[in-house]
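Colleague: Let me see the structure of the following:
(2 chains)
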Amino acid sequence: MNENPFAPKGRPEARIAPPSGAASREATSVGANISRLMDGEVEDAEFERCVAELKSEDAMRTWMCYHVIGDTLRGAHGMSTGFSARFAGALAAEPTVLAPPPSRHRAPQPATFAWAVAATLAAVAVVAWTAFSMVEVPPTAVAKAREAATLRVAQVRPPAEVGTEYLLAHQEYSPAMVIQGGGPFLRAATATAIEPPRPQ
Amino acid sequence: MALVAAAGLASPLAQAQGYAAQWLTRVQQSARSLNYTGTVLVRQGARFDTFRLAHLFENGQESEKLLSLDGPAREIVRSATEVRYYFPDAKVVRVEPRTIRNVFPSLSPEQAANLAQYYEFKLVPGGRIAGRVTEMATFEPRDGLRYAHRFWSDPATGLLLKSRLVNEKGEVIEEFAFTDVTINAKVDKDMVKPSWTSVPPDWQVTQAGPGELTQKDTGWTVNKLPPGFLKISEGFRQLAGKREPAAHLVYSDGLVAISVFIEPFVVTQTQIGLTQTGGLAQYSTRSDAYRVTVIGEAPPATVQQIGQSVTRKP
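Modeller: All right, here's what the predicted structure looks like:
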């Protein structure tokens, strides 16, 4: 056998040494992907790969950490002690439905959607509480989560209107706009009415 | 009887996909080279505006005047070299030098093919608009990355009389319509001149506008461009109120355009995220030392996907 003499041998101590080189880069990219997953920034094409990355114990721990810290920073309240155990017990006691009722091919109603969100949040809280009691939170994770939380705060404050300076530069390129009488300038006129120029 | 006659408009040729680009080109040329006057209603989301419009084409040059009939007073006068926006309430006039739009970039064969591939085009009788019997052209998207477009035009002259932008739920998110129109009207120069022969002394004149685009490789690229979009312009321009020039890249699927702006990130520009005004979506994000802003007549998800995949060229 032509075993490569330069191939890295199994070095158990590397597992406990601070991550370096490729391992650290990998960890960082997984961490970054988790952060992007939480922020809803992962596109459909990448989604499966990112979820697959979560399947390692380390990644799951990071995922839980980020949520715990994110929730703490946002002031979200955790569940009472032992909730997750009670929840798991209750879930196990639920009868398994083998044949789900036929779907009605109907778009989910807002209320249904709201409940689905609530359910997801509850599930996250369960995981978060479990994580909080299970793992020690490394300082880098705190920083990461703080960054994620800050980003999220910024994302709920988008500009109220499309920026006029961009609109003015953009408007003439769209064939669908240029074919209108008055064309793109109508849009600029309505935009500037919302945002009148201030005398300098 | 009328139905039979009207059905005759949708000829087999009109059904052919290649006709989409031809139809667009004709309607664009009519908007530019006809003389017409009328009242125009513009709806963006829940917002309505009405304008009086006069359009003159003379010696190969367009002149146009738009006068707002409701809301704050606005007057927009476009000549061959500039656009002037008058705001009498604020006593402000904004002068925007502009020479680019005089030539419509006709669709390249590649764009025409894309148009047919990503939209289903149909030409059908469109009913009466502003007192005229129209034909309706529909562009239905074949994927969820674009909006549906409906256009009503005057069959005799090709002038667009109404247009609608429809989202995936079937809601009209933007609309333009003549409520009355005179085509091949006698338009004289006075009708397309500003109401003020000179700017009153107590008015503020602001020289603003998008600035001229210097065509150039900006070093930026979009990695996940939605299918069907092609780059139609790239360069740098000085945006109003900005210290440094912004890179400006424009992509089009033959019907709409999406602009990408990249500029140095300024701490005071904290607003990032997604916003929508009528059919126009804007997504802003921070990428290291830069701020990336994407706007276009496309669903927010499409605009966001572009914004998230802007990188330096390798």
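
Colleague: domains of chain A?
Modeller: Split into domains by automatic domain parsing, chain A comes to A:24-88+A:114-155, A:164-193.

Colleague: ranking those by mean pLDDT, which is last?
Modeller: Here these differ in mean pLDDT, and the lowest is domain A:24-88+A:114-155 at a mean of 58.

Colleague: and stretch B:281-292, what's its mean pLDDT?
Modeller: Averaging pLDDT along stretch B:281-292 yields 90.

Colleague: buried set for that stretch?
Modeller: Going by neighbour count (16 or more other CB atoms under 10 Å in any protein chain shown), the buried part of stretch B:281-292 is B:281-285, B:290-292. C-betas here are computed from N, CA, C, even on glycine.

Colleague: On the three-state scheme, A:Val30 is what?
Modeller: Counting by DSSP: H, G, I helix; E, B strand; the rest coil, the backbone at A:Val30 sits in helix.

Colleague: who's in contact with it?
Modeller: Counting by CB atoms under 8 Å, 6 or more residues apart in numbering or on different chains, A:Val30 makes contact with A:53, A:56, A:58-59, A:62.

Colleague: now do B:Ala73
Modeller: B:Ala73 neighbours (CB under 8 Å, 6+ apart): B:87-89.

Colleague: now do B:Pro299
Modeller: When contacts are counted by CB under 8 Å, 6+ apart, B:Pro299 touches B:144-147, B:167-168, B:281.

Colleague: Could you rerun that using 7 Å?
Modeller: B:145, B:147, B:167-168, B:281 (CB atoms under 7 Å, 6 or more residues apart in numbering or on different chains).

Colleague: Columns distance to B:Thr197 on top of these, output as a markdown table?
Modeller: Formatted as a markdown table, the contacts of B:Pro299 follow (distance: CB to CB, whole Å):
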| residue | distance to B:Thr197 |
| --- | --- |
| B:Leu145 | 48 |
| B:Tyr147 | 42 |
| B:Asn167 | 44 |
| B:Glu168 | 49 |
| B:Ala281 | 40 |
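
Colleague: Going through those, which ones are buried?
Modeller: By 16+ other CB under 10 Å, the contacts of B:Pro299 give B:145, B:147, B:281 as buried.

Colleague: and which of those residues is nearest chain A?
Modeller: Closest to chain A out of the buried ones among the contacts of B:Pro299 is B:Ala281 (7.8 Å), distances taken as CB to the nearest CB.

Colleague: Now, the buried ones among the contacts of B:Pro299 that are in strands?
Modeller: Under the assignment DSSP state E, the buried ones among the contacts of B:Pro299 contribute B:Ala281 to strands.

Colleague: ok, residues contacting stretch B:236-250?
Modeller: Identification of contacts with stretch B:236-250 by CB under 7 Å, 6+ apart yields A:165, A:168-169, A:173, B:208-214, B:216, B:218, B:220, B:231-235, B:257, B:259-264.

Colleague: Could you give the average pLDDT over that stretch?
Modeller: Averaged over stretch B:236-250, pLDDT sits at 86.

Colleague: Alpha carbons only: can I get that stretch in PDB?
Modeller: In PDB, the C-alpha atoms belonging to stretch B:236-250 read as follows (Å, rounded to 0.1, in the frame of the first residue of the first chain):
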ATOM      1  CA  PHE B 236     -19.900  54.500 -11.900                       C
ATOM      2  CA  ARG B 237     -22.100  57.400 -11.200                       C
ATOM      3  CA  GLN B 238     -22.400  60.200  -8.700                       C
ATOM      4  CA  LEU B 239     -25.600  59.900  -6.800                       C
ATOM      5  CA  ALA B 240     -27.300  62.900  -5.300                       C
ATOM      6  CA  GLY B 241     -26.200  63.600  -1.800                       C
ATOM      7  CA  LYS B 242     -23.400  61.100  -1.800                       C
ATOM      8  CA  ARG B 243     -19.700  61.900  -1.300                       C
ATOM      9  CA  GLU B 244     -18.300  59.100  -3.400                       C
ATOM     10  CA  PRO B 245     -19.400  57.700  -6.700                       C
ATOM     11  CA  ALA B 246     -21.400  54.500  -6.600                       C
ATOM     12  CA  ALA B 247     -20.900  51.400  -8.800                       C
ATOM     13  CA  HIS B 248     -24.100  50.900 -10.800                       C
ATOM     14  CA  LEU B 249     -24.900  47.600 -12.500                       C
ATOM     15  CA  VAL B 250     -28.200  47.100 -14.400                       C
END
